[in-house]
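A.B. asks: Give me a 3D structure for the following:
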Amino acid sequence: MELQQKLEKEARKMGAAYFGVADLSFASEGPVTPNEKKLVSQYPFAVSIGVPLSSAVVDGLADQSDAFACRNYWWHVYEMTNLLIDQVTLKTAHILMEKSYTAITVPCSQTSDPQNLRGMFSNKMAAHLAGHGWIGKSCLLVTPDRGPRVRWGTVLTDAPLAPGRPIEAGGCGDCNVCVEACPPHAFTGRPFHMTEPREVRMDVQKCYQHLFEVRRKEVGLNACGVCVYVCPFGRKASSARSEKHSARK
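C.D. replies: Residues are numbered from 1 along each chain as shown. Next up is the predicted model:
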């Protein structure tokens, strides 16, 4: 489809490494929030784009006592990568609107429901339905090639785009590395199932409280990222890229 090709070309030119389309009718099978239910009824498709995180920045989280590394991670993710994603999704929405379709961007890392610590729509769910990866035991989107070391953005639209096929859940297998490594023990270790709410897999309040304590005592910013760092899929990919770089020297 010409429009979809144009969207992908522009997104990749701006810095996105992942581009896909999700059929949101699948989202209605899960425990969506009232706001998500409303959005799904209005927008049948979602454009999902992903921007990889710097492996060097993420690997710095190995030493959680290194305040500089933790602050650098926060700035890299929340100030730099999120800004890039918002720019890409805004451009994507503009292209769709120019073609007389309706489009709405989902802000990166914006909490629209402070009480339940939720955004207006799950970027990770859109990425999963677009076929980029599966929801891991950390409740992060895990890609086969970079693990959870990717940030996601979403554009909801009524444009008749060609959706991808979701990757079956369960890619983590018996691995519980993120569950065991989580400082506040926020994860239950239960595998993702579309029909089950987030709460059976994660106590989000424990995660939030830990970030608050890190900010107050050590780093000065809401930085942790342990679940991003420890995932074997991401670490394996990081090691492979390092070895490839060394071989070129």
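
A.B. asks: how far out from the middle of the chain is stretch 132-147?
C.D. replies: 8 Å (CA atoms, centre = their mean, to the nearest Å).

A.B. asks: can you check stretch 200-215 too?
C.D. replies: The answer for stretch 200-215 is 17 Å, by CA atoms, centre = their mean.

A.B. asks: Same check on stretch 171-180?
C.D. replies: The answer for stretch 171-180 is 18 Å, by CA atoms, centre = their mean.

A.B. asks: and the end-to-end length of stretch 209-223?
C.D. replies: End-to-end distance for stretch 209-223: 12 Å, by CA to CA, to the nearest Å.

A.B. asks: now the helices for the protein?
C.D. replies: 2-14, 34-42, 55-59, 67-74, 82-98, 123-130, 177-181, 204-217, 226-230, 232-248 (DSSP state H).

A.B. asks: which helices and strands does the fifth one pack with?
C.D. replies: Using 3 or more CB pairs under 8 Å, 6 or more residues apart in numbering; DSSP states H and E as the contact definition, the elements that helix 82-98 packs against are helix 2-14, strand 45-52, strand 103-106, strand 150-157. In short, each C-beta sits where N, CA and C put it, glycine included.

A.B. asks: Just name the most buried of the helices of the chain.
C.D. replies: Highest mean neighbour count of these: helix 123-130, a mean of 26 (counted as mean count of other CB atoms under 10 Å).

A.B. asks: close enough to count as contact, residue 32 and residue 41?
C.D. replies: No - when contacts are counted by CB atoms under 8 Å, residue 32 is not listed as touching residue 41 (10.2 Å).

A.B. asks: Overlap of the contact sets of these two?
C.D. replies: Common neighbours of residue 32 and residue 41 (criterion: CB atoms under 8 Å, 6 or more residues apart in numbering): none identified.

A.B. asks: Which positions within stretch 167-184 qualify as buried?
C.D. replies: Judged by neighbour count using 16 or more other CB atoms under 10 Å, the buried positions of stretch 167-184 are 167, 171, 172, 177, 178, 179, 182, 184.
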